[in-house]
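> A structural model of the following input is requested.
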Amino acid sequence: MFTVYVLYSPAYDKIYIGFTSDLESRLKSHNELAKKGWTIRFRPWEL
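Numbering: from 1, shown residues only. Below is the predicted model of the structure:
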C-alpha cells in the first residue's frame, strides 16, 4: 500500500508532495540520505 505525504520546510516556507510505500525511510531520505534532487536544497523537512 502506498501513502501520499506532504512535507513542509519551515526554513524556506516550501511544500513538497510525494508518495511512498515506506514513509519513515522516505522521510529519512529527504532529510539525510539524498545527495541530489530538489528537496535537498530546502532541508529540514517535517511531515
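
> from here on, contacts and neighbour counts on C-alpha atoms
Noted.

> could you tell me which residues make contact with the residue sitting nearest the centre point of the chain?
Nearest residue to the geometric centre of the chain (CA atoms, centre = their mean): His30, 4.2 Å. Neighbour list for His30: 39-40, 43, 45 [criterion: CA atoms under 8 Å, 6 or more residues apart in numbering].

> ok, of those residues, which come out buried?
The neighbour count (16 or more other CA atoms under 10 Å) marks 39-40, 43, 45 as buried among the contacts of His30.

> contacts only, for Ile17.
Counting by CA under 8 Å, 6+ apart, Ile17 has contacts 4-7.

> let's see it at 10 Å
If you count contacts by CA atoms under 10 Å, 6 or more residues apart in numbering, Ile17 has them with 4-8.

> likewise Tyr12?
Tyr12 sits next to 41-45 when contact means CA under 10 Å, 6+ apart.

> do the same with Val6
By CA under 10 Å, 6+ apart, Val6 lies in contact with 15-19, 45-47.

> ok, and what's touching stretch 35-43?
The contact list for stretch 35-43 (CA under 10 Å, 6+ apart) reads 7-16, 29-34, 45.

> now do the end-to-end distance for that stretch.
12 Å (CA to CA, to the nearest Å).

> and the strands in this structure?
Assigned by DSSP state E, the strands in the chain fall at 3-9, 14-20.

> list the buried ones in stretch 2-11?
Using 16+ other CA under 10 Å as the test for burial, stretch 2-11 gives 7-9.

> if you could redo that for stretch 26-44, that was the one I meant.
26-27, 30, 39-40, 42-44.

> using JSON lines, lay out the strands of the chain together with mean pLDDT.
JSON lines is the format used below for these (pLDDT from 0 to 100):
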{"stretch": "strand 3-9", "mean pLDDT": "99"}
{"stretch": "strand 14-20", "mean pLDDT": "99"}
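
> what segments of the chain are helices?
Ranges of helices in the chain, per DSSP state H, are 23-28.
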